[in-house]
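Chemist: Structure here, sequence nowhere to be found:
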């Protein structure tokens, strides 16, 4: 049945609309967290592929042979093949155990999100939330995915194999900072040109200066710098966080001075 | 790290890096910069990024005017891809007849020095900036060659050019003390060990007084927080910087599209605080509503602050300190060091090397305060 690992009260409700069983109850507020009625959930995984946060999984331990199947969204190429042995990883990408791919689907109804099912020992069923393809795997039969020749492994495989093989190995440019459209290659080039700290990378490339203020990109920037420098992420100082934390119209601050009764030019301008 | 250098520069902001570059470019390559963070991480990188020649004292006008000419060709001179220089002008607003008369005197001075500024009436001011409201506007001055430049990139350009010429730029290295012999600084203590030196430059920005004190010298300066906010980038809307001394307000759109807005608070205490306050946003919103109300809809994404290093006449202290004999000062820029950096770097380097300065800076030496020869700069935010 579906396991929801959604902890952010953000305006997002595709899972409730996706569920045809009524197992995810309609939201009273769009910011509600999904609640699952496990009596109604049949493990169809439609919610898994609809969740933009990749926060829903299906765990099926019904085989009774000491194994469980974990179904997870998979947004990388190449797609694993049924029967293939992969490394199952936990929520932070750490290796947990070996797993066997039982199914890898990408029907058009899934809107470009693939669903991969892997069989793992049942005791790891609540830890396994990701997978890594073995280095060099998947480029034969999976070549129709458009993966480029010479790419190695799946996403994330770079860490141990080669510090230069990045997040985008085999899939082309990886946009790290969406506000300023800065790619992983830009960051690697800046690092090699001598901009070594998160703050210097920010000043040079502007990643972290946009409307998201680094909330989206900075963890990825830190992980790239960590890979390049060999320094743990925890040793790096991220840029200082500053108000107003979310983009806020300048005129709305006038209310801090006069109280909300004063008409603001936001309303007059009718944005 | 070198254990002995001809010239040691304390501070890797735009001033320190410009001095280092100009020294090396004039042939003195045995130079090292000591920067407690990375180049421009202090006041330089926190400034409002405006560049103008419309000043009210001759020295500020001349240094700024010549600096703008150098900003115009800096990418070529320093072989740097893009310093984001934009010459959209500065529109300086007057809100009283007395202020307008002062501006007329400023413009006469500026024109006598070749600065192409002019006095404009309220209608022409609104032609230049159509979304300008300011119903009580009396007049304004405008100079089209003023503008904006990216402080990080300018500093980076100087630092990289200096490095290519052999200058050692020591990042994440603080100077912790000076050792003097015979009235000269002979050794620096740094967090990376001691260094012998022939001459020392204090380019420590907001920490100038602390660095001078290590040499037993008291400077008539104080540091003071100034806050800034930046909006999300939007399509080009405002070419010039709009600035009002009466409101302590400035606002400019960068070439990248975001607006930078700043406000000076007369009640701001002196000190080294670089925190932020919500009162600043409230005060700023009030000024925006009065002066440029259509910008009220722009969404602020970040506020921050930096430190001015302020002198009694709001002009920098440049030149030899006198005592110690080999200590040079490039401090007290009072909020406009970034825009003067090209000429300050050149003239200080020329002074250290015993060459005739491109612009004589003797009127800006420290001794002017003891002599009481102050010419206060009226045009500051």
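Modeler: Arrived safely, thanks for sending. In this text, all values refer to a predicted model and were calculated from it rather than measured experimentally.
Chemist: what about residue B:356, how many residues close to it?
Modeler: 8 (other Cβ atoms under 10 Å in any protein chain shown). All C-beta atoms are positioned from the backbone trio N, CA, C, and that covers glycine.
Chemist: Would you agree it is in contact with residue B:350?
Modeler: Yes. Contact criterion Cβ atoms under 8 Å: residue B:356 and residue B:350 qualify, at 6.8 Å.
Chemist: Mutual contacts of these two, please.
Modeler: Shared contacts of residue B:356 and residue B:350, defined by Cβ atoms under 8 Å, 6 or more residues apart in numbering or on different chains, are absent.
Chemist: what about the residue in the stretch 101-250 of chain A that chain B sits nearest to, how many residues close to it?
Modeler: The minimum distance from the stretch 101-250 of chain A to chain B, using Cβ to the nearest Cβ, falls at residue A:247 (3.7 Å). Neighbourhood size, residue A:247 [other Cβ under 10 Å]: 16.
Chemist: need the contact list for it.
Modeler: By Cβ under 8 Å, 6+ apart, residue A:247 lies in contact with A:211, B:232, B:299-301.
Chemist: any chance you could map the helices in the chain?
Modeler: Just so you know, I chose chain A. Taking DSSP state H as the test, the helices found in chain A are A:14-18, A:46-50, A:158-161, A:184-192, A:198-205, A:218-229, A:254-258, A:265-269.
Chemist: actually chain B
Modeler: For chain B, the helices defined by DSSP H occupy B:14-25, B:43-46, B:58-72, B:74-78, B:97-112, B:122-128, B:151-164, B:208-214, B:278-291, B:337-352, B:367-371.
Chemist: before we move on, the earlier item: give the contact list for the nearest residue to the residue of the stretch 101-250 of chain A closest to chain B once chain neighbours are set aside.
Modeler: Spatial nearest neighbour of residue A:247, excluding adjacent residues (Cβ to Cβ, 6 or more residues apart in numbering or on different chains): residue B:299 at 3.7 Å. The contact partners of residue B:299, by Cβ under 8 Å, 6+ apart, come to A:211, A:247-250, B:231-232.
Chemist: Of all pairs in these, which one is the farthest apart?
Modeler: A:211 and A:250 (14.1 Å; Cβ to Cβ).
Chemist: Among these two, which residue is more densely surrounded?
Modeler: residue A:250 (28 against 18).
Chemist: doesn't residue B:286 make contact with that one?
Modeler: No. Contact between residue A:250 and residue B:286 fails when scored by Cβ under 8 Å: they sit 10.3 Å apart.
Chemist: so residue A:243 makes contact with residue B:303?
Modeler: Yes. At 5.6 Å, residue A:243 counts as touching residue B:303 under the criterion of Cβ under 8 Å.
Chemist: who has more neighbours, these two?
Modeler: Shown here are residue A:243 and residue B:303; by other Cβ under 10 Å, residue B:303 has more neighbours (21 against 18).
Chemist: ok so, going back, using a markdown table, lay out the helices of chain A together with distance to residue B:66 and mean neighbour count.
Modeler: Converted to a markdown table, the helices of chain A look like this (distance: least, Cβ to Cβ, whole Å; neighbours: other Cβ atoms under 10 Å in any protein chain shown):
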| stretch | distance to residue B:66 | mean neighbour count |
| --- | --- | --- |
| helix A:14-18 | 60 | 18 |
| helix A:46-50 | 62 | 23 |
| helix A:158-161 | 50 | 15 |
| helix A:184-192 | 32 | 17 |
| helix A:198-205 | 27 | 22 |
| helix A:218-229 | 39 | 19 |
| helix A:254-258 | 41 | 17 |
| helix A:265-269 | 41 | 16 |
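Chemist: export these to CSV and tack on mean pLDDT?
Modeler: Output for these, formatted as CSV (pLDDT from 0 to 100):
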stretch, mean pLDDT
helix A:14-18, 90
helix A:46-50, 92
helix A:158-161, 39
helix A:184-192, 96
helix A:198-205, 96
helix A:218-229, 95
helix A:254-258, 80
helix A:265-269, 42
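Chemist: how about the ones you listed, which one is nearest residue B:41?
Modeler: Taking Cβ to Cβ, helix A:198-205 is the member of those nearest to residue B:41, at 6.9 Å.
Chemist: elements contacting that closest one?
Modeler: Here helix A:198-205 touches helix A:184-192, helix A:218-229, helix B:151-164, going by 3 or more Cβ pairs under 8 Å, 6 or more residues apart in numbering or on different chains; DSSP states H and E.
Chemist: quick one on the thing from earlier: okay, and the common contacts of residue A:243 and residue B:303?
Modeler: B:276, B:281.
Chemist: show me where pLDDT drops low in the chain?
Modeler: No chain was given, so I picked chain A. Applying pLDDT under 70 to chain A flags residues A:136-166, A:168-171, A:258-271.
Chemist: In it, what residue lies closest to chain B?
Modeler: For chain A, Cβ to the nearest Cβ, closest residue to chain B: residue A:251, 2.9 Å.
Chemist: Report the separation between that residue and residue B:82.
Modeler: 33 Å (Cβ to Cβ, to the nearest Å).
Chemist: pLDDT score for the residue of chain B found nearest chain A?
Modeler: Per Cβ to the nearest Cβ, the residue of chain B with the smallest distance to chain A is residue B:296, at 2.9 Å. pLDDT, residue B:296: 96.
Chemist: Count the residues that sit near it.
Modeler: 22.
Chemist: Redo the helices of chain B as JSON lines? Include mean pLDDT, mean neighbour count and distance to residue B:254.
Modeler: Compiled in JSON lines, the helices of chain B are given as follows (pLDDT from 0 to 100; neighbours: other Cβ atoms under 10 Å in any protein chain shown; distance: least, Cβ to Cβ, whole Å):
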{"stretch": "helix B:14-25", "mean pLDDT": "98", "mean neighbour count": "29", "distance to residue B:254": "17"}
{"stretch": "helix B:43-46", "mean pLDDT": "98", "mean neighbour count": "24", "distance to residue B:254": "14"}
{"stretch": "helix B:58-72", "mean pLDDT": "98", "mean neighbour count": "21", "distance to residue B:254": "15"}
{"stretch": "helix B:74-78", "mean pLDDT": "98", "mean neighbour count": "16", "distance to residue B:254": "17"}
{"stretch": "helix B:97-112", "mean pLDDT": "97", "mean neighbour count": "16", "distance to residue B:254": "25"}
{"stretch": "helix B:122-128", "mean pLDDT": "98", "mean neighbour count": "15", "distance to residue B:254": "18"}
{"stretch": "helix B:151-164", "mean pLDDT": "98", "mean neighbour count": "24", "distance to residue B:254": "11"}
{"stretch": "helix B:208-214", "mean pLDDT": "98", "mean neighbour count": "20", "distance to residue B:254": "28"}
{"stretch": "helix B:278-291", "mean pLDDT": "95", "mean neighbour count": "20", "distance to residue B:254": "17"}
{"stretch": "helix B:337-352", "mean pLDDT": "98", "mean neighbour count": "26", "distance to residue B:254": "14"}
{"stretch": "helix B:367-371", "mean pLDDT": "95", "mean neighbour count": "14", "distance to residue B:254": "35"}
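Chemist: These: which one's closest to residue A:228?
Modeler: Here helix B:151-164 is closest among those (Cβ to Cβ), at 19.5 Å.
Chemist: In chain B, which residue is most central in space?
Modeler: What sits nearest the mean C-alpha location of chain B, by Cα atoms, centre = their mean, is residue B:337, with 1.7 Å.
Chemist: rewinding a little: more crowded one of residue A:251 and residue B:82?
Modeler: Legend: neighbour count by other Cβ under 10 Å for residue A:251 and residue B:82, higher for residue A:251 (26 against 10).
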